[in-house]
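K.L.:
here's a sequence, model it:
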Amino acid sequence: MTSKNILVTGPPRCGKSTLIEKVILRIEKPMTGFFTREIKEKGKRVGFSIIRLDGKKGVLAHQNIRSRCRVGKYGVNLDDIDRIAVPSIIPMKPDEIVVIDEIGKMECLSPLFRQTLIRILASKHRVIGSISQKGDRFIQKIKERDDVVLTHVSKKNRDRLADSLFLEAQRDV
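P.N.:
Next comes the predicted model:
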């Protein structure tokens, strides 16, 4: 049986998001979901944004956000995770693919994100996404699921993985 949930993992800045983008640009099925991007000011990273596939944007985390939820120097914006990211990973069409970039420490601070993620992974919908290389027990359990195929990405292999991940994504589940 083919695993229906395709996740990539690897060290920061190894090309996980770029790889996912290359794969989904080739797929001709409806998709929903989000990407995270760095927010930079004067060339320095100051936070992370959420950008849904439909174009709606929010702030995932920023060094100027005061929040009880923090990862390093960043205050995590649970409101935007719950209001922007979570609805984007709930498919509205029967054959919709869910794109999640990424399942990481910041996103997983939201109980609603965690609950919704578990429900979507267990659904009939295919998930294509990235997951933090390091993480807590919750992240580890996601990686160990029987319905997840986990691919390790590095700067050396990232360019040749797009074709094999695309083929995996095209298979019937």
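K.L.:
give me phi/psi at residue 166?
P.N.:
The phi/psi pair for residue 166 (degrees, to the nearest 10) reads phi -60, psi -50.
K.L.:
looks like it contacts residue 29 (just checking).
P.N.:
No. When contacts are counted by Cβ atoms under 8 Å, residue 166 is not listed as touching residue 29 (11.9 Å). For the C-beta atoms, the positions are set from N, CA and C on the backbone; glycine is no exception.
K.L.:
neighbour-wise, which of these two wins?
P.N.:
The neighbour comparison of residue 166 against residue 29 (other Cβ atoms under 10 Å) goes to residue 166, with 17 against 12.
K.L.:
not counting sequence-adjacent ones, nearest residue to residue 117?
P.N.:
residue 103 (6.5 Å; Cβ to Cβ, 6 or more residues apart in numbering).
K.L.:
tell me how far the one you found lies from residue 10.
P.N.:
13 Å (Cβ to Cβ, to the nearest Å).
K.L.:
looking at the two, which is more packed in?
P.N.:
The neighbour count for residue 103 versus residue 10, taken as other Cβ under 10 Å, is higher for residue 103 (23 against 20).
K.L.:
does the more buried one really touch residue 141, like I thought?
P.N.:
No. Using Cβ under 8 Å, residue 103 makes no contact with residue 141, being 11.1 Å away.
K.L.:
wait, what's in contact with residue 77?
P.N.:
With contact set as Cβ atoms under 8 Å, 6 or more residues apart in numbering, residue 77 has these partners: 58-62, 65, 67.
K.L.:
only the buried subset of these, as a ChimeraX command please.
P.N.:
In ChimeraX, a selection of the buried entries from these looks like this (16 or more other Cβ atoms under 10 Å):
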select :58,59,60,61,62,65
